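Participant: Quick one: sequence and predicted model below, then my questions.
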Amino acid sequence: MALFIEIKGNKPKFGIDCFFAENSTIIGDVIIGNDCSVWFNTVIRGDVNYIRIGNKVNIQDGTIVHVTYNKSPTIIGNNVSIGHNAIIHGCTINDNVLIGMGAIIMDGVRINSNTIIAAGAVITENTIVESNSVYAGIPAKKIKTIDKDLTKSQIEQTANNYIKYASWYKH
């Protein structure tokens, strides 16, 4: 079973139909919505600020989600897929976003809806990521505009796939 740790009176809370890998760790002031999955070796650490995660979010293997004390909570919208080994730190990720494997999203970043962040991208502090865009590189820059409907369908498919994958692990 996943490790849920209460700290300073804050205990993680989560909605229905969620999957938590047995070696995932969720700490402190964390609220997770419905139909979410938190995969192997993932740490979601709301110890020094809060973390809010919407519905149909998958946080894949080895990802770290953290916050900054007295400065930056982390807020993740609905229908978000976060790839393996990403670092999500003190930022806001709106609805319908795909974060590629190994991406780093830093404090104060706002990623607007219907957006793809490429694998390995580094979104530097306080960057505002445009809707309907693909960002890539170090530091990440907008590399193209994409059709909202196409983006949403691709992102929706990934989120739906992870609901299916999670169902294979539920007993």
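Facilitator: Nice, I can see it.
Participant: make it CA atoms for all contacts and neighbour counts henceforth
Facilitator: OK.
Participant: surely P73 meets G90?
Facilitator: Yes: using C-alpha atoms under 8 Å, P73 is in contact with G90, at 4.9 Å.
Participant: So the two - more neighbours on which side?
Facilitator: Shown here are P73 and G90; by other C-alpha atoms under 10 Å, G90 has more neighbours (27 against 21).
Participant: Who does the residue most central in space within the chain form a beta bridge with?
Facilitator: The C-alpha lying nearest the average C-alpha coordinate of the chain belongs to I82 (C-alpha atoms, centre = their mean; 4.7 Å). Beta-bridge partners for I82, by DSSP bridges, are I59, I99.
Participant: got the contact list for it?
Facilitator: V57, N58, I59, Q60, T63, L98, I99, G100, M101 (C-alpha atoms under 8 Å, 6 or more residues apart in numbering).
Participant: out of those residues, who's nearest T127?
Facilitator: I99 (15.0 Å; C-alpha to C-alpha).
Participant: Could you confirm N161 falls within a helix?
Facilitator: Yes: judged by DSSP: H, G, I helix; E, B strand; the rest coil, N161 forms part of a helix.
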